[in-house]
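> after the sequence you'll find the predicted model.
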Amino acid sequence: MRPSLLRRTTLALALTALAAPWAVAQKVGSDNPSLSWPTKPLKIIVGFPAGSSPDLTARTFSEPLAKALGQPVLVENKVGAGGNIGADAVAKARDDHTIGLMINGNMTIAKLINPAVSYDPQKDLAPLTLVGTSPLVLTAPLSQPGVAPTATEREFLAAARSAGDRWSYGTPGVGTVGHIGTELLKSRSGINPVHVPYAGYPQVATAMLGGQLQMALLPPALAQAQVKAGKLRAIGVTSAGRSALAPDVPSLAEAGIERFELEIWNAFAAPSTMPKPLQARLATVLAEIARTPEVRAKLFQQGWQVVGTSPEGLANRIKADTAALGQIIAQRGIKAE
């Protein structure tokens, strides 16, 4: 081989060798878009008003998430239909920069309660992380006919059985976890109060204070505030055992209702069309943020016990809750009004 040709061949081989790692890096980058993502502000959609529990949770995450991603994180409230309007907006987002903070109903039973809901939780939403869980507290007025002021939890439930449909219970609406959970409680305990829906939990508590209701499942923060003020009494929590959110309240299992467990929860989800690498990165970052001491403390104050699962952990919870609540929905014929 002539010297000039040899030099040109050697140079070509060297350039090829130098280009190879760059080509591999380019391929890795194209296969994993999360390396250069996000390219603009991220949006968290919340299906409830500003100041609501889901809104407070989303805003608790917004600042640390912005620091982790290097882009601003905005919270947008799309209110209505028990959070389903916001969930639908997340499901239909196609900009790869939109996620949602959901309550459990939006990710489990929404379609079972109302077949007309325009998104499918199982197909259109990608689970990211289960943020926090909370039991509900079976709460009642301090005094009511047929119940002694000193009545134990078992005696209260015995009075409820005797009252039958002369008692009423309140919830934030048809198809809410408070509604379905009380129907589940009825099936397990033999009580039979009549359902009365209200606009929200504060209105339910007010109705109990006014004597219009004899019982309700309330979030721990609201229930504990009324109990400590001496206005309502707590009968039992719906967790399997006592809860750190209401440590002085016995579980309903202690009151004699076996195999009864019910929790509300919130979680982050992405559109199922978002690329898997982006979902994976978000899931990891969000779970890590949830478990930091500062965020954990803030969420506990808001009434949540932090979980911070993997997407698989959240998917398993969705599957289990959909099956359990779906069964009582079918048995009781519960449909959105």
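Looks like it arrived, so ask away.
> only C-alpha atoms from now on, for both contacts and neighbour counts.
Will do.
> the helices in the chain, which residues?
3-31, 53-69, 84-92, 104-107, 110-113, 121-124, 153-163, 177-189, 201-209, 220-228, 276-290, 293-301, 311-332 (DSSP state H).
> looking at the ones you listed, which is closest to Ser134?
Closest to Ser134 of those, according to C-alpha to C-alpha: helix 220-228, at 7.6 Å.
> what angle separates the closest one from helix 293-301?
Orientation of helix 220-228 against helix 293-301 (axes from the mean of the first three to the mean of the last three C-alpha atoms, to 10 degrees) gives an angle of 50 degrees.
> ok, the closest residue to Tyr198 other than its chain neighbours - how many residues close by?
In space, and not counting its chain neighbours, Tyr198 is closest to Pro172: 4.9 Å by C-alpha to C-alpha, 6 or more residues apart in numbering. Around Pro172 there are 21 other residues, counting by other C-alpha atoms under 10 Å.
> would you confirm that Pro172 contacts Tyr201?
Yes. Counting by C-alpha atoms under 8 Å, Tyr201 is a contact partner of Pro172 at 5.5 Å.
> Throw the helices of the chain into CSV and include mean pLDDT, thanks.
Output for the helices of the chain, formatted as CSV (pLDDT from 0 to 100):
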stretch, mean pLDDT
helix 3-31, 43
helix 53-69, 96
helix 84-92, 96
helix 104-107, 94
helix 110-113, 92
helix 121-124, 96
helix 153-163, 94
helix 177-189, 93
helix 201-209, 93
helix 220-228, 92
helix 276-290, 97
helix 293-301, 96
helix 311-332, 94
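> quick one: which of these is nearest Thr238?
Going by C-alpha to C-alpha, the one of those nearest Thr238 is helix 177-189, 9.0 Å.
> who are the packing partners of the closest one?
On a contact count with 3 or more C-alpha pairs under 8 Å, 6 or more residues apart in numbering; DSSP states H and E, helix 177-189 meets strand 168-171, strand 215-218, helix 311-332.
> follow-up on the earlier one: now do the contacts for the residue nearest to Tyr198.
178-179, 197-201, 204 (C-alpha atoms under 8 Å, 6 or more residues apart in numbering).
> and which of those residues is nearest Gln302?
Closest to Gln302, out of all of these and judged by C-alpha to C-alpha, is Tyr201, at 15.0 Å.
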